[in-house]
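[1] Predicted model follows, preceded by the sequence.
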Amino acid sequence: MTGPRRDGDVDGELRARLHEAAGAHRPDRARMLARIEHGKAVGDRRPARRPLPGWVRVAGATAAVAAVLVAGGYTVASAVRDDAGVRRPVATSPGSREPGAREPGPLRSSGVVDPHSNEFWAQSNVTLRVGAPLTALTVELRVAQTGSVTSTGAWRSLPEGDFTFTADERDGFLVYRWTLREGRTVPAGEWVFAGQYNHERGGRDAGGDRYSATATAGSGRLSVAGGFTAGG
């Protein structure tokens, strides 16, 4: 008859069985090596992260700043300027006689039929662009007599008291003439001299109309002349 088992006997038996199981275990070395090789292969296929060149980092920072400025409603302009691409005024010779703008130095001009003209009435505008004060100025507007052309008035954007004015007909033209009074000066700026007139019903051809202006400035005597274009 077997007596009761003591705790020491149980522990000894358990240790014996564990030792026996450990001795019987044989790790699958081939499978472990396969896993290690697989891990190395995957790592080798991953692209290496190379450091970015300095210019790329600078460009990225610039783009980020630009994005912030645009989001804030600012305009980003180039810091590089090409002086060859800057537009500059182009001067024409004083002898030019084509209709439209004139540019002989400090006095420029243009002539246009006012866009508010209609089939019975018209206004011709002479615009002077003065680059320096003038001590003498005479402006003459000649409207060709194309049929029933009669004056209905005139005006200028400079003070009326600074000019003498005449309007009469001669040599087939209605002639308006403004002359700067002695001792008065025309300051630099853009000034308009306008003649108003009735004409026969229908569209009137202003191809025969002319204007001219002579002036005196610190640089000497100046003159401009030209025809009229249709206002738009």
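    Happy to help now that I have it.

[2] Residue 161 in helix, strand or coil?
    helix (DSSP: H, G, I helix; E, B strand; the rest coil).

[3] what's the neighbour count on the closest residue to it other than its chain neighbours?
    Leaving aside its chain neighbours, residue 161 sits nearest to residue 181 (7.8 Å; criterion: Cβ to Cβ, 6 or more residues apart in numbering). To be clear about C-beta, it is placed using only N, CA and C from the backbone, and glycine gets the same treatment. By the criterion of other Cβ atoms under 10 Å, residue 181 has 11 neighbours.

[4] which ones are touching residue 181?
    Applying Cβ atoms under 8 Å, 6 or more residues apart in numbering to residue 181 gives the contacts 161-164.

[5] From these, list just the buried residues.
    Buried members of the contacts of residue 181, counted by 16 or more other Cβ atoms under 10 Å: 162-163.

[6] Dump the contacts of residue 181 into TSV; add pLDDT and distance to residue 137 as well.
    Formatted as TSV, the contacts of residue 181 follow (pLDDT from 0 to 100; distance: Cβ to Cβ, whole Å):
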residue	pLDDT	distance to residue 137
161	97	14
162	98	9
163	98	8
164	98	11
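
[7] Let me know the closest of the contacts of residue 181 to residue 195.
    Here the nearest of the contacts of residue 181 to residue 195, counting by Cβ to Cβ, is residue 163; it sits at 13.5 Å.

[8] Going by residue numbers, what spans are helices in the protein?
    7-24, 29-45, 54-71 (DSSP state H).

[9] What does residue 132 show for phi and psi?
    With angles defined as degrees, to the nearest 10, residue 132 sits at phi -150, psi 150.

[10] Residue 171: how many residues sit nearby?
    Residue 171: 7 surrounding residues under other Cβ under 10 Å.

[11] For it, give me phi and psi.
    phi 50, psi 40.

[12] Look up how far residue 206 lies from it.
    17 Å (Cβ to Cβ, to the nearest Å).

[13] nearest to residue 199, of the contacts of residue 181?
    For the contacts of residue 181, the nearest to residue 199 is residue 163 (25.3 Å; Cβ to Cβ).

[14] Not counting residues beside it along the chain, what's closest to that closest one?
    That would be residue 178: by Cβ to Cβ, 6+ apart, it lies 4.8 Å from residue 163.

[15] Then residue 152?
    Residue 152 sits nearest to residue 196 (Cβ to Cβ, 6+ apart), 4.6 Å away.

[16] if I read this right, the one you found contacts residue 143, doesn't it?
    No. When contacts are counted by Cβ atoms under 8 Å, residue 196 is not listed as touching residue 143 (9.7 Å).

[17] So for residue 218, what pLDDT did the model give?
    Per-residue pLDDT puts residue 218 at 92.

[18] correct me, but it touches residue 134?
    No. At 9.2 Å, residue 218 does not count as touching residue 134 under the criterion of Cβ under 8 Å.

[19] Okay, now the unreliable bits of this structure?
    For the chain, the stretches flagged by pLDDT under 70 are 1-102, 104-105, 232.

[20] Please give me every residue in contact with residue 135.
    By Cβ under 8 Å, 6+ apart, the contact set of residue 135 is 185, 216-217.

[21] Next, find the distance separating it from residue 141.
    Between residue 135 and residue 141 the computed distance is 22 Å (Cβ to Cβ).

[22] Then residue 158?
    Using Cβ to Cβ, we find residue 158 at a distance of 15 Å from residue 141.

[23] and residue 217, how many neighbours does it have?
    By the criterion of other Cβ under 10 Å, residue 217 has 20 neighbours.

[24] ignore the last one, residue 150
    Per other Cβ under 10 Å, the neighbour tally for residue 150 reads 11.
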